[in-house]
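What follows is a predicted protein model with its sequence.
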Amino acid sequence: MSHQRLNINGAINVQLLSAEVRLDETIDAAPTIALFKQLEQENPTALSILVICDNACYYTSKAVAAYLTTSRIQLELLPPYCKNLNLIERFWKFFKRQVLYNQYYDTFETFRGACNKFFGELDAFAPLL
């Protein structure tokens with residue numbers, strides 16, 4: 001039996017307490033650029049979109065740097081090892097408590113469905129965030 005991995009890449013809008021997420025095969029430059037495009041589509045009137053992120057190598061890749069030259073996305077890299085400053089890390093912790101911990105899923109697709117349901121019904125969790 002092989003293990004399957006679900007890679008979730010996302011961003012939180014701290015003003016609206018909403019999230020934009022992607023479930024991709026891998027997280028590298030291409031899915032990161034796709035997330036940035038998704039953020040731009042969801043915020044069509046924003047002159048710029050500030051994305052605070054960790055120092056993962058895909059944020060500093062040549063492909064992402066090239067995309068950012070014509071994008072409304074502005075990256076702000078956190079100092080290394082400052083996990084507590086990154087709000088998305090707190091969100092992932094909450095996500096894991098709601099979806100992952102003390103849960104059993106018969107199949108990978110059931111687990112993936114639970115993840116999609118969580119993000120689709122995020123408004124219901126707003127009082128807990």
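Looks like it came in fine. Numbers count the residues shown, from 1 in each chain.

And Val99, how far from Asn43?
26 Å (Cβ to Cβ, to the nearest Å). Quick note: C-beta positions are derived from backbone N, CA and C, even for glycine.

for Leu75, same thing?
15 Å.

again with Gly113
In terms of Cβ to Cβ, Gly113 sits 28 Å off from Asn43.

So for those two, which sits in the more crowded spot?
A side-by-side neighbour count of Gly113 and Asn43, using other Cβ atoms under 10 Å, places Asn43 first with 15 against 12.

How far off centre is stretch 98-113?
Once both centres are worked out by Cα atoms, centre = their mean, to the nearest Å, stretch 98-113 turns out to sit 19 Å from its chain's centre.

And the strands in the chain, which stretches?
Applying DSSP state E to the chain gives strands spanning 7-13, 18-24, 49-53, 73-77.

low pLDDT regions in this protein?
Confidence mapping of the chain against pLDDT under 70 gives the ranges 1-2, 129.

ok, and the closest non-adjacent residue to Trp76?
To be clear, residue 76 is Glu; Trp isn't right here. Ile52 (4.8 Å; Cβ to Cβ, 6 or more residues apart in numbering).

so what's the one you found up against?
Glu76, Leu78, Asn86, Leu87 (Cβ atoms under 8 Å, 6 or more residues apart in numbering).

change it to 7 Å
Ile52 is in contact with Glu76, Leu78, Asn86, counting by Cβ atoms under 7 Å, 6 or more residues apart in numbering.

Go ahead and confirm the second one touches Leu85.
This points to Leu78. Yes - between Leu78 and Leu85 there is a contact under Cβ atoms under 7 Å: 5.4 Å.

of those two, who's got more company?
Per other Cβ under 10 Å, whichever of Leu78 and Leu85 has more neighbours is Leu78, with 15 against 12.

Can you read off the backbone torsions of the more buried one?
Backbone geometry at Leu78, expressed as degrees, to the nearest 10, gives phi -80, psi 160.
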